[in-house]
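Asker: Could you work out the structure for the sequence below:
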Amino acid sequence: MLQRCISGPLLVDVVNHMKKQHQLSAEGVGLIQGTGCLEDKVHTLVDLLYVSDPQGSALREYLQCSHPQVYNLVVLYESVVQHQKDALLQVVREGNKSLTEQAANHTTDPALLLVEGVSDLQQREHDLIQVLVNRGAGPLRGRPLTLDRLLASLTRVSIAPRVTLTVGVSGSGKSRLVGQFVHLWTLGKIYPELNLVYPLACWELSNFERLSVEKLLRLKAPHENTDLILSSSVCKVLLIFDGLEELRSPLDFSEAPVTSDPRRELLISDLITNIVRGNLLPHATLWLLSRPVVGAKVPAGLVDRVTEVPPFSRTHIQEYLANTLKHSNTSEQVWAHLSSQKPLLLLCSVPGICHIVTTTLSRLVGVDSEDIPLPRTLTEVYAHYCWPQLSSTDVPNESIRKQIATLGRLAFYSLLRQRSTFSEPEFRTYGADVLPPAPGTLGHRVLRCTRCWFSDYVCWRFVHSSVQEFLAALFYYTASRRGMFDLFSESSVSWPRIGFQSHYRAALQKRDNAANASLDLFMRFLSGLLSPATGMLLGGALGVGREEQVTQRTVVTTLLRNAVVGSGGEVVSMHSVATVTCLAEVQQGEWLRSVEEDLIGCRLRGKLKAGVCAVLAYLLQVSDACANETQLSNCLDATSLKRLLPQLLYCSKLRMENNEFKDDAMELLGSLLSAKDCRIQCLSLADSSISSKGVKPLSRSLLVNRTLTILDLHGNNIGTRGAKTLAEALKMNQVITSLNVSSNQLGNQGALFLAQALVVNHTLCTLSLQSNSVSDKGMKALTQALRSNRGLTSLNLRENSIGVEGAKAIAQALQENNTLREFDLTANLLHDEGVTAIAEAVKVNRALTSLHLQWNFMKGGAAKALSQSLHSNTSIQLLDLQENALGDDGVVSLAGALKVNSSLVALYLQGVSAGNLGAVALADALRVNQTLHTLDLRGNSIGMGGAKALSVALKTNRSLRSLNLQENTLGMDGAIFIATALRGNHQLTYINLQGNGIGESGAKVVSDAIRADAMECVVDI
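Answerer: As a prediction, this is how the structure comes out:
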């Protein structure tokens, strides 16, 4: 215990005193000083003192007289800590019995994600807006972090964090993580070096208007001597503040009074502020947990580590269904419905909402009635969840209207005050049921009780904040039908407000002015109550007739549509998107379907006005058409791009081709990619008339962007200047892995600039320079870079002007480079001499797997050189020699290589002037080769004799999957030879016999014969 409680200076005092008392010799002092860490020094001291004083009387007497606080700490430590652990363990086990099983089977599965900070979106928007905008996904650059690493240093040179902030949307499981952490610590499974863990629920602290640190510790400490450990500078103490959003007064780090006096009483928020700043309890480690909007109020400079609770992935949702639903058929039906309703599926990434949605759907799936359709909107789901009897023939055992008047009123006015926890007196104020609610009542379904960590005090809360917002919306709806004054003023006098339309318009205005979009979900529910399906569910219970519902729905639809169209402005705000979400919740989706059809059919050009842009922004979140890729080609200009800019931030794969982006549009795109919240990973701007000036803002953005990995700029006009700008950015950028600048008029100088970037950039894996007028000079610069580059794996130089000298430079680079896998030199000017040089390099190169040499004026000599390389090369898998005059001699040479080569799987010999001799040689090779999968012989003249030879080979070959003999003058007899061969070969999956003069009747005979003997083989004939 002494090792935990003694500090460095105190150790020096003890050693000096023991030396004066002749308890330690000079040699002993030297031995202690020469020991490594403080813990080892203390251990050595104890061992030396034990020799002369086995009972430790001298040391105990010295500490008791000279350092009484340390003495008391040593004496009382074990009892205090054990008492603390026992108290915590009891609370955890009573609160969540499942944690016992989790701790017993504790694994290192990631519980959190390590992130760089709270994003701008998280600071501004409602929790569920964040979920929808992010498509239910977590942060892009989040690193998995297990609980046993949460408070530890992550590198050898870093130190452990003092303040750790964990953010997560409501229902993500933050409090569950606290319980799991505390449970594992009490069992000694994590952080044994922590002397004390002190969890504090902020809702509990909010019951006190003002507290000092001293009163806080005395009030909440389960043991009278706990403050000895809390105030000690040598003991490691963790304070957990769970639920910062539940403080009655908000955190304000700029206005909070500064104090280091532990006896000074402060507002709870100010007290926490001073603890976080280190003015109070400076030696304590802090773990703060909150929703993102509130977590962002803690200055980044005071937070050493930010983590985020990860959402449910689709796999997690399916696993949850499988684990909670007993029947697999029910699980499958629920999953099928969720998959067809994208908005619901996205929200199920929040565990708390996933429970509500899947519980509701599984119960409805089990109801044996075709008259009850599964809910398609969030409002329908929550109506079924709150009142399960709506889907049965049973008469409700309680009045829905009375429940709304009590719990709904409590939910509404608490929402306005941003309150989510309630005491029993508050329930009685609103006339709610006696607590705890009786089984079968609404309160029993939607409320849960939460107990304090160190007292018997309890609070009540809704099972999820969204349930509170649903009931609040339901109360507002029922009250607005007859309300005469502004319902947002609970007790104060307001101007008269009569009629549902007036109240709904007031709610829209209130929503627009609410901080942090706090009323967006409330407004969604309020609108959803007017949908036909929800009206059928709740209309009778609420006493609302069908005609009244239709009138209200028409009013709401008009107000919402006018709000969307009237939003105008320069950009589509999240408010506008939230308004479109309300339209979708009312199930008035004609406008939305029309825009979605135009999006899918690429018919948006000229239609992207303000309202349509807002609808499109909504579709970017929920439409299946945007699930894998957002297609906005041939429809954008600078104006529409500017309107959509904030929403495009959150697209993962963005295709904006053929849009004729001028310089002003490129400035907008540059700002988009430079934004902190940018999630774009793949961007295609092909054929968009981008100039050298236009590429500048794009290049500047690459200096700061950390998400974009694929950039396609082919078919533009960036030229040499644009290549230089781009290359300078690539020297700094360490994220992009694929760049396509084909057909951009780069020339040799542009290739030189990019080559200079490749010398220092080892992140880029794929580079396409097709059709850029690169000749030998540019090729030499690129090959010089390839000698030192360690990242590039694919290089496309098709359709340039690379000649023999460039090929020789390539050969030299290939002898040194060991990373390039795919090399495309199609349609250059290599000739036999250049290809022969490359072939010599291929003999020693062991990295290249794909080599394209189509259209390079090769002849038989080059083919022979390549065949010699294939005798020793074991890495080449694809060789493309199409449209080169190899002749039979060249093909015979390659066939000879196939007999010994065991790596080549695809050989393309289209239009190489092969005849009967070449086909016979290939057939001989196929008898022994067992690795070639694809053989393309289109456009040759192998004739019937070649077909006969190949047919014999196919009877024994078991590796070939694809054979193309199109336009080879086979004739009917040759085709029949091939068809007959397939009776003994069941490995071929594709064969092409088109253009061989077989005729329609012959084609049918051959096709029927092949299908009869090889049913799985696809035949083109």
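Asker: could you show me where the helices are in the stretch 201-350 of the chain, in order?
Answerer: Secondary structure of the stretch 201-350 of the chain, counting by DSSP state H, counting those that start in this stretch: helices at 202-205, 213-220, 226-230, 268-277, 292-295, 314-324, 328-340, 342-347.
Asker: can you give me the strands in the stretch 401-550 of the chain?
Answerer: 421-422, 447-451, 458-462 (DSSP state E, counting those that start in this stretch).
Asker: Make TSV from these and add mean pLDDT and mean neighbour count to it.
Answerer: To be clear about C-beta, it is placed using only N, CA and C from the backbone, and glycine gets the same treatment. What follows is the strands of the stretch 401-550 of the chain, written out as TSV (pLDDT from 0 to 100; neighbours: other Cβ atoms under 10 Å):
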stretch	mean pLDDT	mean neighbour count
strand 421-422	88	21
strand 447-451	87	15
strand 458-462	89	20
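Asker: Extract the residue ranges of the stretch 551-700 of the chain that are flagged as low pLDDT.
Answerer: By pLDDT under 70, the low-scoring segments of the stretch 551-700 of the chain are 568-569.
Asker: One more pass at 80, please.
Answerer: Residues of the stretch 551-700 of the chain that meet the criterion pLDDT under 80 lie in 567-570, 610, 627.
Asker: can you pull out the strands in it?
Answerer: Going by DSSP E, counting those that start in this stretch, the stretch 551-700 of the chain shows strands at 630-631, 653-655, 682-684.
Asker: How far does the second one sit from its chain's centre?
Answerer: In terms of Cα atoms, centre = their mean, to the nearest Å, the centre of strand 653-655 is set 16 Å apart from its chain centre.
Asker: contact partners of it?
Answerer: By Cβ atoms under 8 Å, 6 or more residues apart in numbering, the residues outside strand 653-655 that reach it are Asn628, Glu629, Thr630, Gln631, Leu632, Ser633, Leu648, Ile680, Gln681, Cys682, Leu683, Ser684.
Asker: Need the buried ones from those residues selected in PyMOL.
Answerer: This is how PyMOL selects the buried members of these, with burial counted by 16 or more other Cβ atoms under 10 Å:
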select buried, resi 630+631+632+633+648+680+681+682+683+684
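Asker: from the contacts of strand 653-655, which two are the most distant?
Answerer: Ser633 and Gln681 (17.8 Å; Cβ to Cβ).
Asker: hang on, the earlier thing: for Gly974, find the nearest of the helices of the stretch 201-350 of the chain.
Answerer: For these, proximity to Gly974 was assessed by Cβ to Cβ; helix 328-340 is nearest, at 50.0 Å.
Asker: want to try CSV for the helices of the stretch 201-350 of the chain, with distance to Tyr62, mean pLDDT and mean neighbour count as columns?
Answerer: CSV is the format used below for the helices of the stretch 201-350 of the chain (distance: least, Cβ to Cβ, whole Å; pLDDT from 0 to 100; neighbours: other Cβ atoms under 10 Å):
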stretch, distance to Tyr62, mean pLDDT, mean neighbour count
helix 202-205, 41, 90, 22
helix 213-220, 29, 76, 17
helix 226-230, 19, 57, 21
helix 268-277, 34, 95, 22
helix 292-295, 47, 93, 23
helix 314-324, 58, 91, 15
helix 328-340, 68, 90, 16
helix 342-347, 64, 93, 21
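Asker: what would those helices look like in CSV with distance to Ala58?
Answerer: Shown next, in CSV, are these (distance: least, Cβ to Cβ, whole Å):
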stretch, distance to Ala58
helix 202-205, 45
helix 213-220, 33
helix 226-230, 23
helix 268-277, 39
helix 292-295, 52
helix 314-324, 61
helix 328-340, 70
helix 342-347, 68
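Asker: Need the residues that contact stretch 341-357.
Answerer: 127-128, 131-132, 135-137, 169-173, 311-314, 317, 320, 338-339, 358, 376-378, 381-382, 385, 463-464, 466-467, 581, 584, 621-624, 627.
Asker: and the strands of the stretch 401-550 of the chain as a markdown table, adding distance to Arg291?
Answerer: A markdown table is the format used below for the strands of the stretch 401-550 of the chain (distance: least, Cβ to Cβ, whole Å):
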| stretch | distance to Arg291 |
| --- | --- |
| strand 421-422 | 14 |
| strand 447-451 | 16 |
| strand 458-462 | 14 |
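Asker: Against Thr581, how distant is the residue lying closest to Leu583 once chain neighbours are set aside?
Answerer: Closest residue to Leu583 in three dimensions, ignoring its sequence neighbours and counting by Cβ to Cβ, 6 or more residues apart in numbering: Leu560, at 4.9 Å. Distance of Leu560 to Thr581, given as Cβ to Cβ, to the nearest Å: 10 Å.
Asker: Fine by me, we can end here.
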